[in-house]
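Q: Sharing a model prediction with you, sequence too.
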Amino acid sequence: MKLDWRLVLVLVLSLGLMVSCEDTDDEEDATAFEVLSEYMLANDMDVDVVVNGWITTASAISEAGLENYYIVDIRDIDTYNLGHIPGAVQCARTDVLTTVEAGNTNDLPVIVTCFSGQSATLAVVALRLSGYPDAKSLKWGMSSWAEQFDSWSGATASIGVDHANWSFDAAPALLSDNDDPVIDTDLTDGAAILAEQVDLMLATFKGISGADVLAAPENYQINNRWELTDYDHYGHIDGAYQSTPGSVSIANDGLDVLDPSQTIVTYCWTGQTSGMMTSWLRVLGYDATSLKNGVNSMIYSALESHQWAPIAADLPMEP
């Protein structure tokens, strides 16, 4: 039987079109979140790596010698000019990457300081996701360096003690099988998406007060970053999930417990660990926020540890 070449051509073209469509479908199936999370996992940027050894103290820096660090101060320039750690470079939080990249760090570990240690965690996450895995935050910020910059003593409070929305109920079961967040981008490369998301996180991050969360906890997905023993001992914001540190990560599919349709409030003792966790989640596209000052702003009088305490002596500063 003689084949009709026109029929053969139609069949070949149809087969090619089917293969092309399959390839396109495969590409479209990989969402920006999937591309980004896979890139971060492959490049040691999962949460257990990023939120590990990320903090240091004023005494540790002073004792080791300031010349052994590249220190970045992200407070406003007027406050910086009132006094700062000798040798510290001032920049806005949103400029931390360009400042460090342009600075002569001499491969020294980068230390970021701010007023309370909370905003610095955003910068540290940005740095750790951008080629500076040893970047650290100064614990308690400049409040731990000089008494004149104490922003913590006035932030402690006990509004949660005996509050109707402070609960001692058992931890609710964690959610499961939630959808992935949608990252609004036209980029398809993991490294490019990461850089875009880091910039977005630095520009848009905002914390939330304990008073606002206590007033209407039902408006948020609230995650408590304590061990279960502390969760039970101190109580918790009503409805808060107990999220043991390390349980929410890319590698163990732990992100499924997070609901991308809700504002996710994470809280800890001081707002510093939750600042790290929240920054990392925002890079992945979640609508996440950190509770300002942690439970030091909610049950300060009930805390048996992790309390803010005013410093005993000022450390060296320069104007």
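A: Nice, thanks for sending it over.

Q: Could you give me the buried positions within stretch 233-240?
A: By 16 or more other C-beta atoms under 10 Å, the buried positions in stretch 233-240 come out as Tyr234, Gly235, His236, Ile237, Asp238, Ala240. Where C-beta positions appear, they are placed from N, C-alpha and C, glycine not excepted.

Q: separation between the most centrally placed residue in the chain and Cys268?
A: Centrality entry for the chain: nearest residue to the mean C-alpha point is Ser279, 2.1 Å, by C-alpha atoms, centre = their mean. Ser279 sits at a distance of 13 Å from Cys268 (criterion: C-beta to C-beta, to the nearest Å).

Q: before we move on, what about Glu34?
A: Distance from Glu34 to Cys268, by C-beta to C-beta: 29 Å.

Q: These two: who's more crowded?
A: Counted by other C-beta atoms under 10 Å, Glu34 and Cys268 do not tie: Cys268 has more neighbours, with 23 against 13.

Q: Tell me who's in contact with the more buried one.
A: By C-beta atoms under 8 Å, 6 or more residues apart in numbering, Cys268 lies in contact with Asn224, Arg225, Trp226, Ser274, Met277, Leu291, Gly294, Val295.

Q: again, only this time at 10 Å
A: Cys268 is in contact with 223-226, 245, 274-278, 290-291, 294-296, 306, counting by C-beta atoms under 10 Å, 6 or more residues apart in numbering.

Q: Equivalent analysis for Ser59, please.
A: Ser59 neighbours (C-beta under 10 Å, 6+ apart): Lys139, Ser144, Ile311, Leu315.

Q: So the last one sits against Ala60, correct?
A: No - Leu315 is beyond contact range of Ala60, at 11.4 Å (criterion: C-beta atoms under 10 Å).

Q: Compare those two (neighbour count), which wins?
A: Between Leu315 and Ala60, Leu315 has the larger neighbour count (other C-beta under 10 Å), namely 16 against 13.

Q: Now do that one against Gly103, distance only.
A: In this view, Leu315 and Gly103 are 22 Å apart by C-beta to C-beta.

Q: just Thr31 next, same as before
A: Relative to Gly103, Thr31 is positioned 36 Å away (C-beta to C-beta).

Q: Next: Lys292.
A: Distance, Lys292 to Gly103, by C-beta to C-beta: 29 Å.

Q: ok, these two, which is more surrounded?
A: For Lys292 and Gly103, the more surrounded residue by other C-beta under 10 Å is Lys292, and the numbers stand at 23 against 14.

Q: isn't that one right up against Gly207?
A: Yes - taking contacts as C-beta under 10 Å, Lys292 lies within contact range of Gly207: 4.2 Å.
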